[in-house]
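A.B. asks: Mind folding the following:
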Amino acid sequence: MKMKNENSPSQEEILKGKLKSLIRQIKVDEDPDELNRYRKIIRRNVPLHLRSYLAALLLKQTNGGSLSGAEAQTQMQTIFVSIGKNRRVFPRDLARLFNKTLDLAPRQLGNIKVLDNYSFIDVPREKASEAIDKLNGTDFRGRNITVNFARKKKPSNDQKTR
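C.D. replies: Predicted coordinates:
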C-alpha cells in the first residue's frame with residue numbers, strides 16, 4: 001500500500017506550468033518582429049524533424065536538469081520499520097507517528113509501503129538519522145519496533161543472468 005504525496009507537484013506539472021507561462025509571455029509581452037527573426041534563423045539552420053528536439057533541449061537547459069525527478073529521490077531516504085499489516089498498521093498510522101516525532105509537515109513524507117510484517121517510509125535525508133534515533137526501540141501497537149535505514153534489494157540469481 002502506498003501513500004502518495006498529493007500536495008507537491010511533480011516535475012512534469014512544474015514544466016507544464018512553465019510552458020503555459022512562456023506561451024502567455026509570447027502572446028502578450030514579446031515583440032512579434034523579434035520572434036519572427038529567431039524563427040527565420042531556426043528554420044534556416046535546423047531541419048524540420050529536429051525542431052521539436054531543439055525546443056526540448058532548450059527547455060531542459062533552462063530548467064537545469066531532467067524530467068525524471070531523480071533530484072527529488074536523492075533528497076529522500078528510505079527507512080525500514082519492523083511492523084506491518086499483521087499488526088493492523090496502515091500508512092496513515094506511520095505518517096502520524098513520523099510527523100509527530102520529527103515535527104514534519106505531512107507533505108514532507110514520501111511513499112509509505114506497508115507489507116505484512118514490516119514497512120518502508122521515505123523521509124527527508126536530513127531527518128533520517130533523527131528518525132532512527134528517536135523511534136528505534138519505541139513501543140508502537142503493543143510491540144517494540146526496530147527502525148533502520150532500508151537496505152537495497154540484492155538481485156536474485158534469475159535477475160543476474162538476464
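A.B. asks: H49: what secondary structure?
C.D. replies: Under DSSP: H, G, I helix; E, B strand; the rest coil, H49 falls in the helix class.
A.B. asks: What does the pLDDT read for it?
C.D. replies: Per-residue confidence at H49 stands at 92 (pLDDT).
A.B. asks: Measure how buried it is and give me the count.
C.D. replies: Residues near H49, counting by other CB atoms under 10 Å, number 7. All C-beta atoms are positioned from the backbone trio N, CA, C, and that covers glycine.
A.B. asks: How about the one 10 residues further on?
C.D. replies: Here the neighbour count serves as a burial measure; for L59 (other CB under 10 Å) it reads 14.
A.B. asks: my read: it touches K16, true?
C.D. replies: No. Counting by CB atoms under 8 Å, L59 stays clear of K16, with 11.2 Å between them.
A.B. asks: ok, now which ones touch F149?
C.D. replies: Going by CB atoms under 8 Å, 6 or more residues apart in numbering, F149 touches Q77, T78, I79, F80, A128, I132.
A.B. asks: Can you tell me how far it is from Q77?
C.D. replies: 7 Å (CB to CB, to the nearest Å).
A.B. asks: Now the common contact residues for these two.
C.D. replies: Residues touching both F149 and Q77 (CB under 8 Å, 6+ apart): A128.
A.B. asks: for the chain, which spans come out with low pLDDT?
C.D. replies: Along the chain, segments meeting pLDDT under 70 span 1-9, 63-74, 156-162.
A.B. asks: can you rerun that using 90?
C.D. replies: 1-32, 34-35, 53-76, 101-111, 127, 140-143, 151-162 (pLDDT under 90).
A.B. asks: could you pull out the strands for the chain?
C.D. replies: With strands called from DSSP state E, the chain shows them at 76-81, 112-114, 119-124, 139-140, 143-144, 147-149.
A.B. asks: From the rest of the structure, what touches the fourth one?
C.D. replies: I take that to be strand 139-140. Contacts of strand 139-140 (CB under 8 Å, 6+ apart): I83, V89, L97, I145.
A.B. asks: List just the nearest of those to K113.
C.D. replies: Among these, V89 lies closest to K113 (CB to CB), at 11.4 Å.
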